[in-house]
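Trainee: Let me see the structure of the following:
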Amino acid sequence: MINSFLKKGTLSAFVAAAVLAVTVSANAATVFKSDPTALPGPIMIADEGNNRIVVVDPSGTPRWIFPQKGDLKPGQTFRTPDDVFLSPDGKSIIATESEHQMVSIIDIATKKITFEYGVADKGSRLKGYLNNPDDAMMLPDGRLIVADIKNCRILFIDPKTKKTTQLGTTGRCYHNPPKSFGSPNGAFPMQDGRFLVTEINGDWVSAMTLEGKVSWSVHAPGIAYPSDTNEISPDVYVTVDFSKPGAIIKFNSKGKLLWKYKPTGAAALDHTSLATGLPNGMIIANDDANHRVIVVDPKTKKIVWQYGHKGIKGTAAGYLNNPDGLELIPDSALANFKLS
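Mentor: This is a model prediction of the structure:
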């Protein structure tokens, strides 16, 4: 923003815009009396409805946005980022463009897309295609793991060769891992090297190895539409109900409910798609259709931090539009974003 205004030589316009941005951001950070100490560091948000990735600091200030003018090559598109995760070395972002039927790798320093898989806007089970991909992440060996929802498979993609392997049978959409999966919408790594698969059909969560050996499968308790289950401590898992009203729960490998957050009335969640634990014990979540990201204190069940205005979508600083993914940026990766 600063460069574009200075090139035009319109200092007054720049000052006005800066004041507006600060004002809106401040409103976003204080409208619910957000506590900046509740967030250990900046977070990266997949702002799906705005076709962008936004990095926001604990004060509620946007610090990094992709894409901006000049970031994409002529003819290149970046749409509907559904989830965003850092590569193991913290130098790249793996973005799932779910409705765009693509998975991309973005180099943080240059803000350029360095790898794409899928065919834009064309979901298919054919070779080289995806169909509603979700939660693409990079494994330590460099491969991408993708929950390919409508193809009902867990796909492994080698970015160097684009060769793929998979768990599940393409088009066979019922729970019988590793032979078949009921519309898997998440494949998250566990601390011991296994990973968690969330299946929409039948409300299943399974722990398995990368080779497909299943350790356990349980129903996420009291959830109608489970989404993006992940491990937050040994044998404690968090998942959300992508429904209205939505919910966030913790449970164990026996399927026992350990904690639940499901406010009602005006405070209700609306199609929450991802929640995860923070190092300080707080729970952070996308409240998608409410156009906000929230941090919940599990002890008080109160929102202690928020970015976005509940029920109001927008593009200005302090606003989101159907945020569908997030990740806390560790200190080791902050320098790659060139945050001052």
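Trainee: those strands in the stretch 151-300 of the chain, which residues are they?
Mentor: Defined through DSSP state E, counting those that start in this stretch, the strands belonging to the stretch 151-300 of the chain, from first to last, are 153-157, 164-167, 184-189, 195-199, 204-208, 214-219, 226-233, 236-241, 247-251, 257-261, 272-277, 283-287, 292-297.
Trainee: Go through these and name the closest to Asp57.
Mentor: Counting by C-beta to C-beta, Asp57 lies closest to strand 292-297 out of these; the figure is 12.6 Å. Placement of C-beta: from N, CA and C, glycine included.
Trainee: Run me through the strand neighbours of the helix or strand following the closest one, direction for each.
Mentor: Secondary structure here is assigned by DSSP states H and E; on that basis, the next helix or strand after strand 292-297 toward the C-terminus is strand 302-307. In the sheet containing strand 302-307, the strands it pairs with under DSSP bridges are strand 292-297 (antiparallel).
Trainee: right, and the strands of the stretch 151-300 of the chain - which one's nearest Met44?
Mentor: Among the strands of the stretch 151-300 of the chain, strand 292-297 sits nearest to Met44 (C-beta to C-beta), with 10.5 Å.
Trainee: just to revisit the earlier point, format the strands of the stretch 151-300 of the chain as a markdown table; extra columns: mean pLDDT and mean neighbour count.
Mentor: Supplementary listing: the strands of the stretch 151-300 of the chain in a markdown table, determined by pLDDT from 0 to 100; neighbours: other C-beta atoms under 10 Å:
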| stretch | mean pLDDT | mean neighbour count |
| --- | --- | --- |
| strand 153-157 | 98 | 23 |
| strand 164-167 | 98 | 16 |
| strand 184-189 | 98 | 25 |
| strand 195-199 | 98 | 25 |
| strand 204-208 | 98 | 22 |
| strand 214-219 | 98 | 14 |
| strand 226-233 | 98 | 22 |
| strand 236-241 | 98 | 24 |
| strand 247-251 | 98 | 23 |
| strand 257-261 | 98 | 16 |
| strand 272-277 | 98 | 26 |
| strand 283-287 | 98 | 26 |
| strand 292-297 | 98 | 23 |
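Trainee: Dump these into TSV; add distance to Glu97 as well.
Mentor: Supplementary listing: the strands of the stretch 151-300 of the chain in TSV, determined by distance: least, C-beta to C-beta, whole Å:
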stretch	distance to Glu97
strand 153-157	14
strand 164-167	18
strand 184-189	15
strand 195-199	20
strand 204-208	25
strand 214-219	29
strand 226-233	16
strand 236-241	21
strand 247-251	25
strand 257-261	29
strand 272-277	15
strand 283-287	16
strand 292-297	19
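Trainee: looking at the ones you listed, which is closest to Leu339?
Mentor: Ranking the strands of the stretch 151-300 of the chain by distance to Leu339, with C-beta to C-beta as the measure, places strand 292-297 first at 17.9 Å.
Trainee: got the angle for the closest one vs strand 247-251?
Mentor: Taking axes from the mean of the first three to the mean of the last three C-alpha atoms, to 10 degrees, one finds that strand 292-297 is oriented at 40 degrees with respect to strand 247-251.
Trainee: what's the angle between strand 292-297 and strand 272-277?
Mentor: Interaxial angle, strand 292-297 versus strand 272-277 (the same axes, to 10 degrees): 40 degrees.
Trainee: Please name the bridge partners of Lys260.
Mentor: Counting by DSSP bridges, Lys260 forms beta bridges with Ile249.
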